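Mind looking at a prediction? Sequence and model below.
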Amino acid sequence: MARRTLWTVLLLLTVVPDLLAAGDSIIRGRLADPPGQHPPAGHALVFVTDQGQKLMLEGDEYSTSQLTDPELEDRYWELRGHHKPSGVFKVLRLFTVKDDKLFRVTYFCVICNIRSHHHGPCMCCQDETELQELPVAEP
């Protein structure tokens, strides 16, 4: 009996994430705030989709850091996530888009050879990190 329960749990753990991801949405557009005018920390970011729909965004510290990075303020974005019942779009993954190709945003420290997804100084040496947009190979 315990073995059957274990197999059921393992099966659920492998299937449930795929089921949850099936409801995710993909939106493209730009931040609504003018360059350099992003809201202060703790306030929602407003995103304007290609269809002109304005959405409030919710994300983790990494996605918020990337979306508000001054070096990326004029970028065209693809956001993947889901619409919450409150109308907020929960960002789970994000990419910049250039010539219809997706790029992953990272920050690289050439001194420590450390890559991060958070805008700011290197977590090791505290030197400035370099913004890098790396092409994504889509399946």
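Structure's in. What do you need? Values in this document were obtained by computation on a predicted structure and should not be read as measured data.

which regions of the protein sit below the pLDDT cut-off?
1-23, 34-43, 138-139 (pLDDT under 70).

let's see 90
By pLDDT under 90, the weakly predicted segments of the chain are 1-24, 32-45, 61, 64-65, 68, 70, 73-74, 87, 118-120, 137-139.

which residues in it form helices?
Per DSSP state H, the chain carries helices over the ranges 2-22, 61-67.

From the chain's centroid, how far away is the shortest one?
In this view, helix 61-67 has its centroid 7 Å away from the chain centroid, taken as CA atoms, centre = their mean, to the nearest Å.

and it, which residues are buried?
Ser63, Thr64, Ser65, Gln66, Leu67 (16 or more other CB atoms under 10 Å). Bear in mind the C-beta positions are built from the backbone N, C-alpha and C, glycine included.

And for stretch 80-92?
Gly81, Phe89, Lys90, Val91, Leu92.

Make JSON lines from the residues you listed and add distance to His117 to it.
Below are the buried residues of stretch 80-92 laid out as JSON lines (distance: CB to CB, whole Å):
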{"residue": "Gly81", "distance to His117": "16"}
{"residue": "Phe89", "distance to His117": "19"}
{"residue": "Lys90", "distance to His117": "17"}
{"residue": "Val91", "distance to His117": "13"}
{"residue": "Leu92", "distance to His117": "13"}
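
Near Gln53, how many other residues are there?
Neighbour count for Gln53, taken as other CB atoms under 10 Å: 11.

State the distance from it to Asp99.
24 Å (CB to CB, to the nearest Å).

circling back to that earlier point, can you add distance to Arg104 and give the buried residues of helix 61-67 back as a markdown table?
Shown next, in a markdown table, are the buried residues of helix 61-67 (distance: CB to CB, whole Å):
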| residue | distance to Arg104 |
| --- | --- |
| Ser63 | 12 |
| Thr64 | 16 |
| Ser65 | 14 |
| Gln66 | 10 |
| Leu67 | 14 |
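
Can you tell me which of those residues lies closest to Val48?
Distances from Val48 to those, taken as CB to CB, are shortest for Leu67 (12.9 Å).
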